[in-house]
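> have a look; sequence and predicted model below, questions after that.
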Amino acid sequence: MSAPPSPARVAIFPNGELAVVWSDGHESYYPGRLLRLGCHCAKCVDEMTGRKLLREERVPSDVRPTGCQEVGRYGLGVRFSDGHDTGIYTYERLRSLCPCCA
């Protein structure tokens, strides 16, 4: 069994996209708002019920990542222009959010 893909390179583009080149060669480009709306932290999703707490209409249309850092060997912590910074995107979750067709 092979290891799941992990980020080989991560960058934040001036247009607000988070770009990830994965260890298997796949490239993902995440628009800031898509990534922000995909947060599963305890502030955005109820830990007990799984009910979404984040209200989409309160997320600015121009929200963008302003920084990110590796969390252990399993995910990325992302800071956003709306001040949100508590979400950890596991590599598996991040890959599932990839907006491409592949």
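Looks like it arrived, so ask away. Numbering: from 1, shown residues only.
> spatially central residue in this structure, please.
Central residue of the chain (CA atoms, centre = their mean): residue 35, 4.6 Å from the mean position.
> ok, and the closest non-adjacent residue to it?
Nearest non-adjacent residue to residue 35, counting by CB to CB, 6 or more residues apart in numbering: residue 18, 5.9 Å away. Every residue, glycine included, has its C-beta placed from N, CA and C.
> now that neighbour: how far from residue 46?
25 Å (CB to CB, to the nearest Å).
> who's the residue nearest to residue 35 bridged to?
Beta-bridge partners of residue 18, counted by DSSP bridges, are residue 12, residue 30.
> ok, back up a step: if you count surrounding residues, which of residue 18 and residue 46 has more?
The residue with more neighbours, out of residue 18 and residue 46 and counting by other CB atoms under 10 Å, is residue 18; that gives 23 against 11.
> so what's the more buried one up against?
10-12, 29-30, 32, 35, 65, 68, 78 (CB atoms under 8 Å, 6 or more residues apart in numbering).
> ok, 7 Å please
12, 30, 35, 65, 68 (CB atoms under 7 Å, 6 or more residues apart in numbering).
> kindly list the main-chain dihedrals of the fourth one?
It stands for residue 65. Residue 65 has phi and psi values of phi -70, psi 140 when expressed as degrees, to the nearest 10.
> cool, the last one as well?
Here is the backbone geometry of residue 68 (degrees, to the nearest 10): phi -150, psi 160.
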